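Chemist: prediction below, plus the sequence it came from.
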Amino acid sequence: MGRRVITARATASFEPVGRSVATARAFVRDTLQGWGFPDIVDDAVVLTSELVTNAVVHAGTNADVLCLRTDAGVRIEVADRYPEREIPLQTSAHDFGSLEREGGRGLLLCGALASRWGVDYTPTSKQVWFQLDLPDRPVGTRAAGPALPTEMLPRTDGRVRVAVVQIDRSGCVASWNEDAEDLFGYPAEQVTGKPLTDFAAWPHTPGTGTGIAEALQLSRWEGSYGIRDTDGRVVPVYASHLRMRDADGEPSTVCLLVRDDERAVLQTPLRGPASDHSESRTTDPFEVFIGSPPPDDLDGLLQRTVERARDMLDADSAFLLLATDDETELEVRASTGLPSARQRFARVPVEAGTGRYGSARMPAVHEDLTAVPGAVPLLSGTGMRSVVTVPLKVEGRLTGSLGVAAEAPGRYSNEEALRLQFAADRIALAVESARLGELERLRRGSLSFLVEASDLLAGTLDRDQTLALMAQMTVPTLATWCAVYTIADQSSDPELSYVLHEDEDRIDGLKALLSRIDPPDPVPTPGARTWSAPSRAAHDAALRTSMRSLGTAESSPVSSGIGTTLATASAVGGETVVLPLVARNRVIGMLTLGKPADDHFRQEILELAEDLSRRAALALDNSRLYSERMAISQSLQRSLLPPELPVVPGVEVDVIYRAAGEGNEVGGDFYDLFPIRDGAYGFAIGDVCGTGPEAAAVTGLARHALRLLAREGFGGPAVLERLNAAILDEGARSRFLTLLYGELWPQADGSAVLKVVCAGHPLPLRLRQDGTVEPAAEPQPLLGVMEDLELYEERVVLDPGDVLLCVTDGVTERREGTRMLGDDGLAEVLTTCTGLTAGAVAARVLRAVERFAAEPASDDMAILAMRVPEPRTD
């Protein structure tokens, strides 16, 4: 036999992934169909499928497929990177005759189906090739069928008309023959230059798969669709498209159209399987319906399914719903020919009625929906009149529902229902597998979302910030807009506390709308419930605004407000749900989530929102409890601070106080200045062991006891001895206390006389006018430790210009690493304060303390400065 001439070649490489097998099958099928070899397509696809499976699945390497066209047939070569040298022999039928055995099946099929085959090896690769020869036919014969009796021939009514329509590269009609005019009623001059899709019964929906517009771009296409005639009726046609180019290289598509019942005129005859290996070439029913390769994602698979279902029954629309986990509701997930934005994720009950057609678990055919209004709520207002629906089931469990619909009544019968059910059975398992995969991805994403949300909510105890976080976490991740209602106590009505929309320009209008309507009822029942009040109120407001604007100039305020009102109505026109915020067995608010006009929530999103609402409710209640306790604490602590300092004639007095505890306005350090009697004033600065509320309790005891005892006429030592006894009487609750107490008498000569007792406290420092600093008292025992104390007071005279500085140990013990400010450091700061007022002295000391270390202060601080001013010289 002479060497055969190669007239065409096509090659492709496929990665070692499972879907590559289906892609390789499609590549070979399309290549051979394009070469005009339909008779050997089936055998070539089966052999390629087995060989590519061996390469990408079993060997785990790339597969290179090369198709060579010769004058007598086709040679196909499949190469991989796994040079396995075991070749099954024809004599070893016992070893691999079983279909259960994976290894060697591809080569066995090559031996059974191919005209010739072989294996070529190199050190790094293996190449399996097979040759398929064209069947011997009389000269000029492309395809032939057996002679049939007259009664078995296809029937036609009258003369067969074949419409020949040529479509240019833009999709517009370039030529229109007389048979096309007879079939559809349009003269050539009426349709020339117009898109063919203008006359199609189901024009392509952009972005959703193959429609007429895409079919016109393919090299070959054959199938059914509808053309609307001049009376608006749909004429079902069978079409054969061929893409070609003219002498100038301009592409166009020639369409041959016949009535659908005369499709035998154009339909390519199907080649029956040979009896000896029909099992080996059984085509996957799923791929027959969906096409190859199938979409990788769930949404793509569902959209392809509804499009193929629509095409299969020549319908005007189709839809697919998936069942919820409890099988009580169906959720719209894909549609074509319907307002998908309105229908997507809408839910309908599985058991909608008591009749046979009231359950989605059984196939149903409705010849005319106008006779049974509401039978299929999904199609209300769509113009569809006839519909057939079938269930999707996996192992007897309802997983979804597939339906097709037409505008004309009486289009479907039980025969179409059986065809659709057959298709549904083919794709049910693949849909359920893709759904479970998507659900698993959603759940992993939900866990990550909830972990991040919990961290954010746990990071704040501020109520307003918690409300903002709740809204920001839901918009736009879960919803288009969000509103949070809070309930102060069981006797209070819900209050609108926070509103957020993904479009900031809509927030004010949304807030105004929600403020005008009654809030949702605070029902503690878990889960999301629908709330229709916002959409009704927005619709009514838009209607009233539109009516008021009739007859009004466009520039009027009423007309200019229409856009805002309509935008708000659109923003809240979709599904709105309310989730209770329940914490500690009490409803503390509601989380309201909304979608824009005609949009719905997915069930998985509602479940995620419910989980978020539980975490948010606890965080919101924690912030409420923290705020309440802070308010109580601050109120009590303010009562421990002295009221406004009295004015002491002839003496400047200033105090600075800083508490170290978070949220505490007073702690272990305290101060006081109060009148004792005419011309005499008492002052005190002390430090209770520890900080916080416990120290504040002893602070209150000390401050009030000092005032009471001093005004009873006791001197300084007696006052402190009795305070010491009171502290010891507290028992286990007692705290030791350092205290500097003194009495002040302004003098007529401009000086001031002080009597002080320093009980374990940092010594007061005296700044003289010449800049010298010296202690103004001697140390004595602290209070709250020993029962019998013997204290004494010391007399100090402040001359004009002198300053007395009293501080707590939070000032002197300020640290930076191993360094400490100490008494010497404080004295050094005080030497720089000559000539300053009492307030300026206290401020300079505080600034020096703060700058001494970078870290915030860890102990309470009190600074009391008293200065005798110099007399004025006029």
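Modeler: The structure has been received and is ready for your questions.

Chemist: so which residues of the stretch 651-800 of the chain form helices?
Modeler: Listed in chain order, the helices of the stretch 651-800 of the chain (DSSP state H, counting those that start in this stretch) span 693-711, 716-728.

Chemist: ok and the first one relative to helix 716-728, angle-wise?
Modeler: Compare the direction of helix 693-711 with that of helix 716-728 by axes from the mean of the first three to the mean of the last three CA atoms, to 10 degrees and you get 140 degrees.

Chemist: hmm, who's touching helix 693-711?
Modeler: 633, 636-637, 639-640, 642, 664, 666-668, 670, 672, 674, 676-677, 682, 684, 686, 688-689, 718-719, 722-723, 726-727, 730, 733-735, 737, 739, 741, 743 (CB atoms under 8 Å, 6 or more residues apart in numbering). From N, CA and C alone the C-beta is placed, and that goes for glycine too.

Chemist: please redo it, this time with the cut-off set to 7 Å
Modeler: Residues outside helix 693-711 that contact it (CB atoms under 7 Å, 6 or more residues apart in numbering): 637, 640, 666-668, 670, 672, 674, 676, 682, 684, 686, 688-689, 719, 722-723, 726-727, 735, 737, 739, 741.

Chemist: from the residues you listed, list the buried ones, please.
Modeler: Those of these that meet the buried threshold are 637, 640, 666-668, 670, 672, 674, 676, 682, 684, 686, 688, 719, 723, 726-727, 735, 737, 739, 741, by 16 or more other CB atoms under 10 Å.

Chemist: worst mean pLDDT among the helices of the stretch 651-800 of the chain?
Modeler: Lowest mean pLDDT within the helices of the stretch 651-800 of the chain: helix 693-711, a mean of 84.

Chemist: next, the buried residues of that helix.
Modeler: 695-703, 705-707, 709-710.

Chemist: for stretch 816-831, same thing?
Modeler: So stretch 816-831, judged by 16+ other CB under 10 Å, has buried residues 821, 823, 825-827, 829-830.

Chemist: one more: stretch 641-656?
Modeler: Quick answer for stretch 641-656 (16+ other CB under 10 Å): 641-642, 648, 650-656.

Chemist: specify the residue positioned farthest from the middle of the protein.
Modeler: Asp749 (78.6 Å; CA atoms, centre = their mean).

Chemist: how near is that residue to Phe27?
Modeler: For Asp749, the distance to Phe27 (CB to CB, to the nearest Å) stands at 113 Å.

Chemist: do the same with Ser240
Modeler: 23 Å.

Chemist: same deal with Leu256?
Modeler: Taking CB to CB, one finds Leu256 at 27 Å from Phe27.

Chemist: before we move on, back to that, and Gln190, which of the helices of the stretch 651-800 of the chain is closest to it?
Modeler: helix 693-711 (91.7 Å; CB to CB).

Chemist: hmm, who's touching stretch 429-437?
Modeler: Contacts for stretch 429-437 (CB under 7 Å, 6+ apart): 286, 298, 301-302, 322, 392, 394, 399-400.

Chemist: what does stretch 440-448 give?
Modeler: Contacts for stretch 440-448 (CB under 7 Å, 6+ apart): 604, 608.

Chemist: buried ones in that stretch, by neighbour count?
Modeler: So for stretch 440-448, counting by 16+ other CB under 10 Å, buried means 442, 446.

Chemist: what do you get for stretch 153-163?
Modeler: Going by 16+ other CB under 10 Å, stretch 153-163 has these buried residues: 161-163.

Chemist: which of the residues you listed fall in strands?
Modeler: Ala163 (DSSP state E).

Chemist: can I get the buried residues of stretch 153-163 in CSV with distance to Glu790?
Modeler: Formatted as CSV, those follow (distance: CB to CB, whole Å):
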residue, distance to Glu790
Arg161, 130
Val162, 129
Ala163, 125
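
Chemist: by pLDDT, give me the weakest of the buried residues of stretch 153-163.
Modeler: Arg161 (90).

Chemist: identify the residue spatially nearest to the residue most central in space within the chain, adjacent ones excluded.
Modeler: Closest residue to the average C-alpha location of the chain: Thr477 at 3.0 Å, with CA atoms, centre = their mean. With sequence-adjacent residues excluded and distances taken as CB to CB, 6 or more residues apart in numbering, Thr477 is closest to Phe449, at 7.0 Å.

Chemist: helix, strand or coil for the one you found?
Modeler: Taking DSSP: H, G, I helix; E, B strand; the rest coil as the rule, one finds Phe449 in the helix state.

Chemist: gap between it and Pro373?
Modeler: 42 Å.

Chemist: more neighbours: the two, which one.
Modeler: Phe449 (17 against 9; other CB atoms under 10 Å).

Chemist: from Cys172, how far off is the more buried one?
Modeler: 49 Å.

Chemist: one more: Gln190?
Modeler: Taken as CB to CB, the span from Gln190 to Cys172 is 13 Å.

Chemist: got it, and Ser240?
Modeler: Distance from Ser240 to Cys172, by CB to CB: 20 Å.

Chemist: neighbour count: those two, which is higher?
Modeler: Ser240 (19 against 15).

Chemist: pretty sure the more buried one contacts Thr268?
Modeler: No. Judged on CB atoms under 7 Å, Ser240 makes no contact with Thr268 at a distance of 8.0 Å.

Chemist: return the set of buried residues in stretch 449-456.
Modeler: 449-450, 453-454, 456.

Chemist: what of stretch 49-68?
Modeler: Quick answer for stretch 49-68 (16+ other CB under 10 Å): 49-56, 59, 61-68.

Chemist: now render the helices of the stretch 651-800 of the chain as CSV, adding distance to Pro409.
Modeler: Below are those laid out as CSV (distance: least, CB to CB, whole Å):
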stretch, distance to Pro409
helix 693-711, 81
helix 716-728, 97
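
Chemist: Ser380 and Ile427, how far apart?
Modeler: Distance from Ser380 to Ile427, by CB to CB: 27 Å.

Chemist: likewise Gly771?
Modeler: 96 Å.

Chemist: more crowded one of the two?
Modeler: Applying other CB under 10 Å to Gly771 and Ile427 shows that Ile427 carries more neighbours, namely 25 against 12.

Chemist: wait, a strand at the more buried one?
Modeler: No. Looking at Ile427 with three-state DSSP, it is helix, so not inside a strand.

Chemist: show me what counts as buried in the lengthiest strand in the chain.
Modeler: For the chain, the longest strand by residue count, based on DSSP E, is strand 234-245. By neighbour count, with 16+ other CB under 10 Å as the criterion, the buried positions of strand 234-245 are 234-235, 237-241, 243.

Chemist: list the helices and strands it packs on?
Modeler: strand 220-228, strand 251-259 (3 or more CB pairs under 7 Å, 6 or more residues apart in numbering; DSSP states H and E).

Chemist: nearest to Val523, of the ones you listed?
Modeler: That would be strand 220-228 among those, by CB to CB, at 50.6 Å.

Chemist: could the buried residues of stretch 641-656 be laid out in CSV, adding pLDDT and distance to Pro363?
Modeler: What follows is these, written out as CSV (pLDDT from 0 to 100; distance: CB to CB, whole Å):
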residue, pLDDT, distance to Pro363
Leu641, 74, 81
Pro642, 78, 87
Val648, 92, 99
Gly650, 91, 105
Val651, 94, 100
Glu652, 94, 97
Val653, 94, 94
Asp654, 94, 91
Val655, 93, 88
Ile656, 92, 85
